[in-house]
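Visitor: Structure for the following, please:
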Amino acid sequence: MKISAVCLPSFFLPATFALLLAACASTPPATPLAPPHAPITTTPEAAKTPLPSIHPEPSNIAKRPGGYYKDDGPGDNPPPNLGDIPNAQPRVEALNRYANRPYVALGQSYSPRQQVVPFVERGLASWYGKRFQGVRTSSGEPYDMYAMTAAHPTLPIPSYARVTNLENGRSVIVRINDRGPFHKDRIMDLSYTAAWKLGYVDKGSAQVE
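Guide: Below is the predicted model of the structure:
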């Protein structure tokens, strides 16, 4: 699967940059699994103002053959026109005041990018669905599994990414508005609709560029 991302700085004209996510050596899970998201804490130098709350990290991570992670998965009544939902439209936006500060999740330190510049990355992408529907994202916006959005550990919030599935060549543009995943073999979590349009909802993850 290939994911390409487009980042737009607040001081640039709207533009699209390719973000390539190459195939990982690991095998994608055989069943759809919701990504593990973790509580975020700011580092001491950035802790003056708390970040918006995000999805809680489950106490344990258990894969259930033939099912989804925990109670995550597709919604009970998805819109009938998923294929008609348009890509995110890149535009100039001011960076979020809180979501781009250095933070710690699951004992790992992260330093989000402070500017929107061309960025290329390869790896495994997953998706998250109804378990997090309506929960506040790192940007402070409620998560909408039917919108064209995504989570990334360090890309600026907000920014835009073109994601391409390396297995079938399908491509979408998403708006980065959340942090995660915090799993060592994954680089990005897409919304349910974005993953559906890329063709890997049933697999749970895919190699992207």
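Visitor: all helices of this protein, in order?
Guide: The residue ranges that make up the helices of the chain, judged by DSSP state H, are 192-198.
Visitor: Sketch out the strands for it, chain order is fine.
Guide: According to DSSP state E, the chain carries its strands in the segments 41-42, 103-105, 108-110, 123-128, 149-151, 159-164, 171-178, 188-191, 205-208.
Visitor: what does the fifth one rub up against?
Guide: By C-beta atoms under 8 Å, 6 or more residues apart in numbering, the residues outside strand 149-151 that reach it are 35, 37, 88, 128, 137-138, 143, 161, 163, 174-181, 188-191, 194. All C-beta atoms are positioned from the backbone trio N, CA, C, and that covers glycine.
Visitor: Walk me through which strands that strand pairs with, and which way each runs.
Guide: strand 171-178 (parallel), strand 188-191 (antiparallel) (DSSP bridges).
Visitor: picking up where we left off before, could I get the strands of the chain as JSON lines with mean pLDDT and distance to Pro79?
Guide: Output for the strands of the chain, formatted as JSON lines (pLDDT from 0 to 100; distance: least, C-beta to C-beta, whole Å):
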{"stretch": "strand 41-42", "mean pLDDT": "49", "distance to Pro79": "36"}
{"stretch": "strand 103-105", "mean pLDDT": "94", "distance to Pro79": "31"}
{"stretch": "strand 108-110", "mean pLDDT": "94", "distance to Pro79": "33"}
{"stretch": "strand 123-128", "mean pLDDT": "95", "distance to Pro79": "16"}
{"stretch": "strand 149-151", "mean pLDDT": "97", "distance to Pro79": "15"}
{"stretch": "strand 159-164", "mean pLDDT": "97", "distance to Pro79": "20"}
{"stretch": "strand 171-178", "mean pLDDT": "98", "distance to Pro79": "16"}
{"stretch": "strand 188-191", "mean pLDDT": "96", "distance to Pro79": "12"}
{"stretch": "strand 205-208", "mean pLDDT": "96", "distance to Pro79": "22"}
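Visitor: Ok, which of those comes nearest Asn77?
Guide: With distances scored as C-beta to C-beta, the stretch of those nearest to Asn77 is strand 188-191 (16.3 Å).
Visitor: now the strands of the chain in CSV, with distance to Pro78 and mean neighbour count?
Guide: As requested, these are arranged in CSV below (distance: least, C-beta to C-beta, whole Å; neighbours: other C-beta atoms under 10 Å):
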stretch, distance to Pro78, mean neighbour count
strand 41-42, 34, 14
strand 103-105, 29, 20
strand 108-110, 32, 12
strand 123-128, 13, 27
strand 149-151, 16, 28
strand 159-164, 20, 28
strand 171-178, 17, 25
strand 188-191, 12, 30
strand 205-208, 19, 28
